[in-house]
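*Asks:* Using only what follows, build the 3D model:
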Amino acid sequence: KVTKNMNHDLDDISVYACWTRLNETPEDIARRTMRFMKDFSTRLETGPWEPLEGEWDGTEEDLITVVKNNAVRTEEGKISRGAGYSITLLNGTDTLNTDFNVRAGTERLIERIASPRLMQKYYHSEHASAGELWDASVYAAVMALDPAFVTGQERAVLRMTRRGGWKISFGYRVWINDWVGAVTSHAEGLTTERLGNGALIRVPDDWPAQRVVDALAETFQANHLDEVLIEW
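*Replies:* Got it, this is the predicted structure:
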């Protein structure tokens, strides 16, 4: 069931966060994942979470085991050396149905793909609007993951911009870490605020996709953020 939510269908929206830390341990990943779940759940008064496969007793200790059991594997089913871990957790309650995947612990950055990363999707929401879901996820991702950037995405906007690699994704919420670049000005109609170690750009939820793209393109160019250089 897809909920039509204010101006956006829930199956069209997502949140994407990526960072550059390498060789994160299952302990690192579990700790940050727990923090993300707790922050998101507190904002939207939701819970509990469970892994897509396998049992979990809800503790960080046990989540470490879940991460260890979910090393990335090759097509032949062997553990892929240096590829890290991939876990998916879901929250399926009557009021909110959402899941997210964390992929981290890699030995190197893949040049064309922003990895490690978190991706969250939504399927049903009784009370929270698309904007509230973006806000809760982006805030939680910033505080838990200290990423390079986080974007509250929407499919029509993504289709228009098709950006790859380490270019900052366009969306209705865009958070950029200070080390990636500073946001000192923005297009008319947008707002910015300090959050964690960076700046959050907020686009009005009722803007059509083309207006979002135009305003962010102008903002990224003005702040030299249309091309982000990462040291490989």
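
*Asks:* mind checking the longest helix of the protein?
*Replies:* Secondary structure of the chain read by DSSP state H shows that its longest helix is helix 26-44.

*Asks:* neighbouring strands for the very next helix or strand once past that helix, and are they parallel or not?
*Replies:* Sequence-wise, the next helix or strand downstream of helix 26-44 (DSSP states H and E) is strand 50-51. Strand 50-51 pairs in its sheet with strand 85-92 (antiparallel), by DSSP bridges.

*Asks:* Next secondary structure after the partner strand?
*Replies:* Strand 85-92 is succeeded, C-terminally, by strand 96-104 (DSSP H and E).

*Asks:* Which strands border that next one, and is each parallel or antiparallel?
*Replies:* strand 85-92 (antiparallel), strand 117-125 (antiparallel).

*Asks:* Give me the contact list for the first one.
*Replies:* It stands for strand 85-92. 26, 29, 33, 37, 41, 46-52, 66-68, 70-72, 97-105 (CB atoms under 8 Å, 6 or more residues apart in numbering). The way it works is simple: take the backbone N, C-alpha and C, and place the C-beta from them, glycine included.

*Asks:* List only buried entries from those residues.
*Replies:* 26, 29, 33, 37, 41, 46, 49, 51, 66-67, 70-71, 97-100, 102-105 (16 or more other CB atoms under 10 Å).

*Asks:* Show me the shaky parts of the chain.
*Replies:* Along the chain, the model assigns pLDDT under 70 to residues 1-6, 111-114, 163-166, 229-232.

*Asks:* export stretch 30-47 as PDB, just CAs?
*Replies:* Taking C-alpha atoms only, stretch 30-47 is exported to PDB below (Å, rounded to 0.1, in the frame of the first residue of the first chain):
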ATOM      1  CA  ALA A  30      26.400  -1.500  15.200                       C
ATOM      2  CA  ARG A  31      27.000   1.600  17.400                       C
ATOM      3  CA  ARG A  32      26.200   4.100  14.700                       C
ATOM      4  CA  THR A  33      23.200   2.000  13.500                       C
ATOM      5  CA  MET A  34      21.800   1.900  17.000                       C
ATOM      6  CA  ARG A  35      22.200   5.700  17.300                       C
ATOM      7  CA  PHE A  36      20.400   6.200  14.000                       C
ATOM      8  CA  MET A  37      17.500   4.000  14.900                       C
ATOM      9  CA  LYS A  38      17.200   5.600  18.300                       C
ATOM     10  CA  ASP A  39      17.200   9.200  17.000                       C
ATOM     11  CA  PHE A  40      14.800   8.400  14.200                       C
ATOM     12  CA  SER A  41      12.400   6.500  16.500                       C
ATOM     13  CA  THR A  42      12.500   9.200  19.100                       C
ATOM     14  CA  ARG A  43      11.500  11.800  16.600                       C
ATOM     15  CA  LEU A  44       8.600   9.800  15.200                       C
ATOM     16  CA  GLU A  45       7.700   7.800  18.300                       C
ATOM     17  CA  THR A  46       8.100   4.500  16.500                       C
ATOM     18  CA  GLY A  47       9.600   1.100  17.100                       C
END
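
*Asks:* Any idea how far that stretch is from the middle of the chain?
*Replies:* 13 Å (CA atoms, centre = their mean, to the nearest Å).

*Asks:* does the residue of the chain most remote from its centre count as helix, strand or coil?
*Replies:* Distance from the C-alpha centroid of the chain, by CA atoms, centre = their mean, peaks at Glu76 (29.2 Å). Three-state call for Glu76 (DSSP: H, G, I helix; E, B strand; the rest coil): coil.
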